[in-house]
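Asks: Turn this into a model:
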Amino acid sequence: MTTTDRVGGYERQPSGYNAFIPKRLPPSPPVVMDEEMWAGLSRADLALGRLDGSTESLPNPDLFVFMYVRKEAVLSSQIEGTQASLLDVLEFEAQTLEPGRPQDVAEVVNYVAAMNHGLERLKKLPVSLRLIREIHEKLMTGARGGQRSPGEFRKSQNWVGPQGSTLVTATYVPPPPQEMERALGELEKFLHDETPMPVLIKVGMAHAQFETIHPFLDGNGRVGRLLITFLLCQNAVLKRPLLYLSHYFKRNRTEYYDRLQATRERGDWEGWLKFFLRGVATVADEAAATARNIVTLREEHRKLVAADQGQRTAKALPFLESLFFRPIVTVSSVAEDAKLSYANANVLVKQFVGMGLLKETTGQKRHRRFAYEAYLALLGDDQEEPGASTSAY
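Replies: Numbering: from 1, shown residues only. This is a model prediction of the structure:
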């Protein structure tokens with residue numbers, strides 16, 4: 001059996017270019033579950049179990065979800081070339097982003113909105129083409145590429161490649177619209193098929209197939225990575241949406257693209273799935289470690305506040321807890337959130353600066369901004385390296 005029989009192949013189109021026409025999932029012959037694949041699946045499953053246990057120990061797991069969704073939004077968007085950082089997004093949400101800072105913050109904020117919309121919709125609607133269109137609309141409206149049919153599958157040919165490439169010179173040309181519609185329908189059937197299959201294997205296949213189909217004019221990479229999270233939540237792999245693979249894909253960007261392309265060119269599903277499972281295990285372990293570190297940090301800082309504030313502890317601790325949701329604050333925002341006068345809020349902020357829990361980051365006498373830096377350091381602020389390459393995926 002040839003590679004074309006297993007995954008599909010390129011077919012010449014009437015206007016003279018070649019486009020890839022994918023076969024339906026699962027592959028035939030099926031994926032070889034050799035010793036390495038089973039070991040990778042076992043490691044990934046164990047890592048997900050540890051992550052579940054770590055987040056259960058958090059006093060407020062929602063705060064972990066709140067910040068991790070934003071970190072994933074930043075990293076997934078950076079893969080597509082945005083420059084906005086986690087700090088930029090938090091400052092935008094705190095309404096303290098300075099003029100002239102990255103203008104693509106809106107794209108990251110849209111990603112957060114798309115993630116939250118999808119998670120809410122999963123309560124009533126399974127992962128489907130309808131949900132995918134809804135997510136795409138949330139992701140693209142009002143952002144870069146927002147004029148390119150948000151929420152609508154493409155009706156024209158697209159391609160992937162360096163800037164300036166054409167249909168003839170592109171790195172990859174997805175299926176034309178008619179074949180795209182067929183492939184999407186088959187992907188949806190695969191997602192709803194109840195034939196027994198390890199969930200992580202199925203999710204890994206679905207992500208790769210979605211990127212192969214490339215059904216939108218823009219935003220396919222981000223939607224495809226969101227699809228991973230939604231499928232894991234739908235299948236109850238985790239109690240909370242905390243497995244975000246964009247960090248792994250960004251660190252291993254070249255291999256990520258190469259592995260996806262190898263599924264098309266050589267039918268190498270095994271290579272892609274082993275790479276995917278390594279990512280699941282790596283990211284789950286990192287997230288579990290971060291959760292444990294947050295618990296430790298919270299307890300240390302609660303003790304510090306209690307020792308410093310004495311009788312004022314009852315008022316100071318709620319402010320400390322609020323910093324886990326809003327680690328960038330101004331005196332005005334503290335006054336509003338804590339229902340304090342501006343003068344009292346200013347005193348509270350000064351006390352937290354004195355304890356080393358907040359740091360003034362603007363150097364201004366007016367409109368000062370303060371950051372809970374120890375917490376932000378645990379989450380990491382993965383800013384894209386200057387000059388880093390990007391892809392149209």
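
Asks: What degree of burial does the nearest residue to residue 104 once chain neighbours are set aside show, as a neighbour count?
Replies: Counting by Cβ to Cβ, 6 or more residues apart in numbering, residue 82 is the residue found nearest to residue 104 once chain neighbours are left out, at 4.1 Å. C-betas here are computed from N, CA, C, even on glycine. Per other Cβ atoms under 10 Å, the neighbour tally for residue 82 reads 25.

Asks: so residue 82 makes contact with residue 108?
Replies: Yes. With contact defined as Cβ atoms under 8 Å, residue 82 reaches residue 108; the gap is 6.5 Å.

Asks: which residues in the chain form strands?
Replies: Along the chain, counting by DSSP state E, strands occupy 8-12, 18-22, 328-329, 359-360, 370-371.

Asks: neighbouring strands for the fourth one, and are they parallel or not?
Replies: Listed by DSSP bridges, the sheet partners of strand 359-360 and their directions read strand 370-371 (antiparallel).

Asks: gap between the strand it pairs with and the chain center?
Replies: Mean-position distance between strand 370-371 and its chain equals 25 Å (Cα atoms, centre = their mean, to the nearest Å).

Asks: show me the contacts for residue 51.
Replies: Residues in contact with residue 51, defined by Cβ atoms under 8 Å, 6 or more residues apart in numbering, are 238, 242, 243, 284, 285, 287, 288, 291.

Asks: Just put those in TSV and tack on pLDDT and neighbour count.
Replies: Below are the contacts of residue 51 laid out as TSV (pLDDT from 0 to 100; neighbours: other Cβ atoms under 10 Å):
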residue	pLDDT	neighbour count
238	82	18
242	82	26
243	82	24
284	93	26
285	93	18
287	88	24
288	89	21
291	85	23
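
Asks: and the two most separated of the residues you listed?
Replies: 238 and 285 (13.7 Å; Cβ to Cβ).

Asks: Okay, the residue nearest to residue 104 and residue 107: tell me how far apart.
Replies: Distance of residue 82 to residue 107, computed by Cβ to Cβ, to the nearest Å: 5 Å.

Asks: Could you do residue 74 as well?
Replies: Using Cβ to Cβ, residue 74 is found at 10 Å from residue 107.

Asks: Which of those two has more residues huddled nearby?
Replies: residue 74 (29 against 26).

Asks: Could you find the closest non-adjacent residue to that one?
Replies: residue 86 (4.9 Å).

Asks: Surely that neighbour touches residue 375?
Replies: No. Between residue 86 and residue 375 there is no contact under Cβ under 8 Å: 11.4 Å.

Asks: so what sits against both of residue 74 and residue 107?
Replies: Both residue 74 and residue 107 are in contact with residue 84, where contact means Cβ under 8 Å, 6+ apart.

Asks: Domain-wise, how is this structure divided?
Replies: Following automatic domain parsing, one finds the domains of the chain at 3-289, 298-379.
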